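1. quick one, fold the following:
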Amino acid sequence: MLKPAPGRRSATALLAVGATLTVGGLAALAPTGAVASSHREAPLILGEPQYDNTDVYAFVSPDKADTVTLVANWLPFEEPAGGPNFYPFAEDARYNIHVDNDGDAKADIVYRWTFNSGFRNGNTFLYNTGPVTSLTDPDLNFRENYKLQVIVRKENGGFRQASVLRAQAAPSNVGEASMPNYAALRRQAVRPLPGGGQTFAGQADDSFFLDLRLFDLLYGGDLSEVGNDTLAGYNVNTLAVQVPTEALTDGDPVISVWSNTSQQNSAGKWKRVSRLGNPLVNEVVIPVKDKDRFNASRPQGDAQFLEYVTNPEVPQLIEAIYGIPAPATPRDDLVAVFLTGIDGLNQPANVVPSEQMRLNTSIPPSDNPNRLGVIGGDNAGYPNGRRLADDVLDISLQVLEGELVGNPNDFGDAVNANDRTFGRTFPYVALPHSGSAVNAGTGTNRTGATALTGGAYTGGGTSIPVLPVSTAALGLLTLFAGAVALRRRGTAAGTQPA
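-> Take a look at the predicted model:
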């Protein structure tokens with residue numbers, strides 16, 4: 001069993017990897033670039049949100065430690081009141097979650113969802129014709145069904161494909177009048193799997209939390225644009241599966257995970273159009289000219305993106321805007337985070353470097369989770385997998401700015417938690433925002449109010465609480481957030497499925 005490295009500086013295991021991997025050696029090993037929390041990250045996918053992965057999560061289930069939960073989200077920035085047709089999955093898409101359990105950068109297990117949907121009554125514009133109290137309620141006019149398949153690599157290199165389940169997805173949360181107890185509808189959409197485990201398909205609150213004004217020249221050029229959860233109030237479409245750990249592993253407790261979407265063209269051919277593994281790289285590491293190519297690629301071909309990992313752009317921008325020196329390149333410390341896993345924590349035996357999210361399933365859930373994961377001394381969190389509450393924006397910024405190479409820092413966006421409380425049981429994602437809520441999205445870019453962390457959502461149209469703030473108070477909060485965001489501490493001691 002791999003032993004986690006303890007303490008705030010447990011990430012020094014990364015330094016050992018970086019010190020032993022030279023750029024020449026990395027090139028010989030054919031390593032990867034990286035992928036992202038891809039909210040509108042690449043030119044081609046902008047016009048096809050139904051196929052756009054937004055985030056991937058992989059973690060040992062907190063209430064069932066002998067199981068692993070895999071979550072992948074699609075269709076970013078769903079405005080809750082976006083009717084009359086709301087947000088179905090695409091019918092000409094394959095939505096996949098891939099698992100590599102031997103470190104060779106090839107999928108050994110694929111969970112694949114395909115959808116078909118339609119209206120019961122075409123003589124109305126309504127998504128539902130009355131209050132909906134169950135998934136089989138006649139008033140639910142639009143229904144969405146799916147088939148879940150499990151595709152397993154055989155010893156001879158071929159694949160065995162099985163249809164595991166046919167079920168109905170949870171509908172979009174139209175509003176209180178239409179769906180007076182949405183939580184009950186969501187519970188009905190959680191379905192058991194043959195052989196153990198369960199799955200879910202449907203709408204959810206967007207679990208990712210951050211201030212996206214990062215793209216306005218890194219928070220306004222003067223840190224005046226931090227502290228607002230830009231994704232507050234928006235929903236996504238979620239696919240999740242929870243299975244016994246032994247069903248995913250093959251001798252080594254470390255698994256590697258990524259998701260992708262394949263779209264069927266007019267000739268009936270399937271083409272990869274979106275791909276997602278680790279968060280916050282395709283958006284801010286892969287340059288525009290290669291983003292579409294990355295989305296269409298597979299992990300074993302990631303050597304072509306190596307230079308963007310070892311010479312990332314973000315530290316250069318921070319140096320140009322704020323005068324904070326960028327860590328020296330090549331950034332071999334980032335190789336362990338994104339390409340190989342961390343030696344002694346979540347690096348597979350005989351690993352082939354490739355961009356995948358790596359999870360050591362032998363590390364139990366934390367009794368006291370730290371939002372900063374491994375660099376916060378909590379080895380059950382990112383980059384050892386990714387939990388819903390891991391603050392991957394702060395973690396990534398701190399690592400990019402040299403946290404692992406002798407430049408300790410407290411970089412961050414002053415958004416430290418999701419706008420809604422996550423669930424304690426599968427599928428764990430927060431319930432979606434109701435379409436009946438006024439100004440459901442509470443980001444300052446939409447309503448001029450500052451979002452607070454919301455309590456547990458119990459169904460219906462409960463909106464996120466907001467706190468109006470005076471100009472003077474907002475100024476003080478901005479100054480404080482800016483100080484936190486950039487305060488620097490002193491230096492411390494065969495063929496695969498598409």
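2. neighbouring strands for the host helix or strand of residue 143, and are they parallel or not?
-> Per DSSP states H and E: residue 143 is located in strand 142-153. In the sheet, strand 142-153 lines up against strand 109-119 (antiparallel), strand 159-168 (antiparallel) (DSSP bridges).
3. what comes up buried for it?
-> Using 16 or more other Cβ atoms under 10 Å as the test for burial, strand 142-153 gives 142-144, 146, 148-151, 153. Every residue, glycine included, has its C-beta placed from N, CA and C.
4. where's the dip in pLDDT among the residues you listed?
-> Ranked by pLDDT, the buried residues of strand 142-153 bottom out at residue 153 (91).
5. coming back round to it: residue 383: which of the strands paired with strand 142-153 is closest?
-> Closest to residue 383 of the strands paired with strand 142-153 is strand 109-119 (Cβ to Cβ; 21.1 Å).
6. average pLDDT for the closest one?
-> Mean predicted lDDT for strand 109-119 stands at 97.
7. where exactly do the helices run in this structure?
-> 12-20, 23-29, 182-188, 217-220, 288-295, 306-310, 313-322, 332-335, 392-400, 471-486 (DSSP state H).
8. least reliable of those by average pLDDT, please.
-> helix 23-29 (a mean of 33).
9. for the buried residues of strand 142-153, which one is nearest residue 236?
-> Closest approach to residue 236 among the buried residues of strand 142-153 (Cβ to Cβ): residue 144, at 15.0 Å.
10. who does that closest one bridge with?
-> For residue 144, the beta-bridge partners under DSSP bridges are residue 117.
11. for it, give its distance to residue 59.
-> Note on residue 144: its distance to residue 59, by Cβ to Cβ, to the nearest Å, is 27 Å.
12. for the strand holding residue 143, C-alpha coordinates in PDB please.
-> Listed next in PDB are the C-alpha coordinates belonging to strand 142-153 (Å, rounded to 0.1, in the frame of the first residue of the first chain):
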ATOM      1  CA  PHE A 142     -40.500  15.900 -21.600                       C
ATOM      2  CA  ARG A 143     -38.700  12.700 -20.600                       C
ATOM      3  CA  GLU A 144     -35.100  11.700 -21.000                       C
ATOM      4  CA  ASN A 145     -34.000   8.100 -20.900                       C
ATOM      5  CA  TYR A 146     -30.500   6.700 -21.000                       C
ATOM      6  CA  LYS A 147     -28.600   3.400 -21.500                       C
ATOM      7  CA  LEU A 148     -25.500   2.900 -19.300                       C
ATOM      8  CA  GLN A 149     -22.900   0.500 -20.700                       C
ATOM      9  CA  VAL A 150     -19.700  -0.800 -19.100                       C
ATOM     10  CA  ILE A 151     -16.800  -1.500 -21.600                       C
ATOM     11  CA  VAL A 152     -13.900  -3.500 -20.200                       C
ATOM     12  CA  ARG A 153     -10.600  -4.200 -21.800                       C
END
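13. quick one: contacts for the residue nearest the centre of the chain?
-> Centrality entry for the chain: nearest residue to the mean C-alpha point is residue 55, 2.2 Å, by Cα atoms, centre = their mean. Shown in contact with residue 55 (Cβ atoms under 8 Å, 6 or more residues apart in numbering): 37, 71-73, 207-208, 236, 276, 279.
14. for the residue lying farthest from the centre of the chain, give me phi and psi.
-> Largest separation from the mean C-alpha position in the chain: residue 123, at 38.7 Å (Cα atoms, centre = their mean). For residue 123, the backbone dihedrals (degrees, to the nearest 10) come out as phi -90, psi 20.
15. low-confidence bits of this structure, can you list those?
-> Along the chain, the parts satisfying pLDDT under 70 run over 1-47, 281-282, 284-285, 287, 293-294, 296, 301-305, 439-496.
16. ok, residue 138 - contacts?
-> Neighbours of residue 138 in contact, by Cβ under 8 Å, 6+ apart: 120, 129.
17. so how far is residue 253 from it?
-> Taken as Cβ to Cβ, the span from residue 138 to residue 253 is 48 Å.
18. now residue 316
-> From residue 316 across to residue 253, the span is 37 Å (Cβ to Cβ).
19. excluding covalently adjacent residues, which one is nearest to residue 347?
-> What sits nearest to residue 347 in space, not counting adjacent residues and going by Cβ to Cβ, 6 or more residues apart in numbering, is residue 341, at 3.6 Å.
20. so what sits opposite residue 257 in the bridge?
-> Bridge pairing for residue 257 - DSSP bridges - gives residue 99, residue 357.
21. surely it touches residue 354?
-> No - using Cβ atoms under 8 Å, residue 257 makes no contact with residue 354, being 11.7 Å away.
22. re earlier: separation between the residue farthest from the centre of the chain and residue 433?
-> Taking Cβ to Cβ, one finds residue 123 at 30 Å from residue 433.
23. now swap in residue 320 and tell me
-> Between residue 320 and residue 433 the computed distance is 38 Å (Cβ to Cβ).
24. more neighbours: which of these two?
-> Higher neighbour count among residue 320 and residue 433: residue 433, with 31 against 12, using other Cβ atoms under 10 Å.
25. thinking again about what came up before, save the contacts of residue 55 as TSV, and put in distance to residue 127 too.
-> Below are those laid out as TSV (distance: Cβ to Cβ, whole Å):
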residue	distance to residue 127
37	29
71	25
72	24
73	21
207	24
208	26
236	18
276	28
279	32
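26. tabulate these (TSV), appending distance to residue 133 and neighbour count.
-> Putting the contacts of residue 55 into TSV (distance: Cβ to Cβ, whole Å; neighbours: other Cβ atoms under 10 Å) gives the following:
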residue	distance to residue 133	neighbour count
37	35	28
71	27	26
72	29	28
73	27	28
207	27	26
208	31	24
236	25	27
276	35	29
279	37	27
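27. so which of those comes closest to residue 311?
-> Of all these, residue 311 sits closest to residue 279, with 20.0 Å by Cβ to Cβ.
28. shouldn't the closest one be in contact with residue 396?
-> Yes - assessed by Cβ under 8 Å, residue 279 is found in contact with residue 396 at 7.0 Å.
29. chain neighbours aside, what residue packs nearest to residue 105?
-> Nearest residue to residue 105, sequence neighbours excluded (Cβ to Cβ, 6+ apart): residue 354, at 3.7 Å.
30. now that neighbour: how far from residue 106?
-> Look at residue 354 and residue 106: by Cβ to Cβ, they are 9 Å apart.
31. what touches both of these two?
-> The overlap between the contact sets of residue 354 and residue 106 (Cβ under 8 Å, 6+ apart) consists of 299-300.
32. who's more crowded, these two?
-> Shown here are residue 354 and residue 106; by other Cβ under 10 Å, residue 354 has more neighbours (28 against 19).
33. skipping adjacent residues, who's closest to residue 179 in space?
-> Nearest residue to residue 179 in three dimensions, chain neighbours excluded: residue 132, at 5.1 Å (Cβ to Cβ, 6+ apart).
34. now do the contacts for the one you found.
-> Applying Cβ under 8 Å, 6+ apart to residue 132 gives the contacts 139-140, 171, 174, 178-179, 185.
35. ok, now how distant is residue 404 from residue 374?
-> 10 Å.
36. check residue 91 too.
-> Remark: distance between residue 91 and residue 374 (Cβ to Cβ) = 40 Å.
37. looking at those two, which one has more neighbours?
-> For residue 91 versus residue 374, neighbours defined as other Cβ under 10 Å are more numerous around residue 374 (28 against 13).
38. isn't that one up against residue 383?
-> Yes - assessed by Cβ under 8 Å, residue 374 is found in contact with residue 383 at 6.1 Å.
39. shared neighbours, those two?
-> Residues within reach of residue 374 and of residue 383 at once, by Cβ under 8 Å, 6+ apart, are 342, 395.
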